[in-house]
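In: just the structure for this:
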Amino acid sequence: VAHNSRRRGAQERARMSGKRQLFNKWKRPWRILKGDTVFVREGKDKGKTGVVTKVDRNKEHVYVEGLFLKKTTVKKSAEHPGGHFLTPSFTHYSNVALVDPESGRPTRTGYKFTEAGEKVRVSRGGTVIPFPEWTRKKPRQTAVGPKCTSESDVNKVTYQGGGFAASNVEM
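Out: Numbering: from 1, shown residues only. Predicted coordinates for the structure are as follows:
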């Protein structure tokens, strides 16, 4: 058994020694968003391009429109005739790459800030890749309701100086 310990990975060695490996999947931001055009690098649809329809960050899955279809069987019922159907499946987000809009080729991306202070995605070639249009599923409530704090209460001054901050200013 001792000779097998050299072949174990770092995570397994840490588990065996009692130390816990911390993995933070939010450490690096995702550069692939819903509505992006992506190039498939791995899998049965390798070499094809498509539009991302859904992103599941918890499972690290990406759904691409018209790609990674799997065959499912639906049983015959009163409201459905039944049979075999193609349903969309997922792939891991590392198996797709963002497409550069100028060259049409897959590219690696980063973030930069413009002079106006706006955050933009930039390909390794220097092309700005626009963020896809995004709308909320449920719009935020902006109407003033009975539980909202009134504007006069929000702007009311309740602290009248003095104390520690005032004594430091006089020094």
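
In: C-alpha from now on. contacts and neighbour counts both.
Out: OK.

In: tell me which residue is most central in this structure.
Out: residue 30 (4.7 Å; C-alpha atoms, centre = their mean).

In: and the gap between that one and residue 149?
Out: The spacing between residue 30 and residue 149, counted by C-alpha to C-alpha, to the nearest Å, is 37 Å.

In: got it, and residue 75?
Out: Residue 75 is 54 Å from residue 149, by C-alpha to C-alpha.

In: in the protein, where's the longest strand?
Out: In the chain, with assignment by DSSP state E, the single longest strand is strand 49-56.

In: partners of it in the sheet?
Out: Sheet pairing for strand 49-56, assigned by DSSP bridges, gives strand 37-40 (antiparallel), strand 61-64 (antiparallel).

In: with distance to residue 89 added, can I get these in a markdown table?
Out: Formatted as a markdown table, these follow (distance: least, C-alpha to C-alpha, whole Å):
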| stretch | distance to residue 89 |
| --- | --- |
| strand 37-40 | 14 |
| strand 61-64 | 6 |
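
In: give me whichever of these is most buried.
Out: strand 37-40 (a mean of 24; mean count of other C-alpha atoms under 10 Å).

In: residue 129: neighbour count?
Out: Using other C-alpha atoms under 10 Å, residue 129 has 19 neighbouring residues.

In: this protein: helices as residue ranges?
Out: Taking DSSP state H as the criterion, the chain carries its helices at 10-17, 151-155, 163-170.

In: out of the ones you listed, which gets the lowest mean score?
Out: Ranked by mean pLDDT, those bottom out at helix 163-170, with a mean of 54.

In: endpoint to endpoint, stretch 100-113 covers what distance?
Out: Start-to-end, stretch 100-113 (C-alpha to C-alpha) is 18 Å.

In: in that stretch, what counts as buried?
Out: Neighbour counts over stretch 100-113 (16 or more other C-alpha atoms under 10 Å) mark 100, 106-107, 109 as buried.

In: contacts for it, please.
Out: Defining contact as C-alpha atoms under 8 Å, 6 or more residues apart in numbering, one finds that stretch 100-113 is touched by 31, 38-39, 97-99, 119-124, 127, 129.
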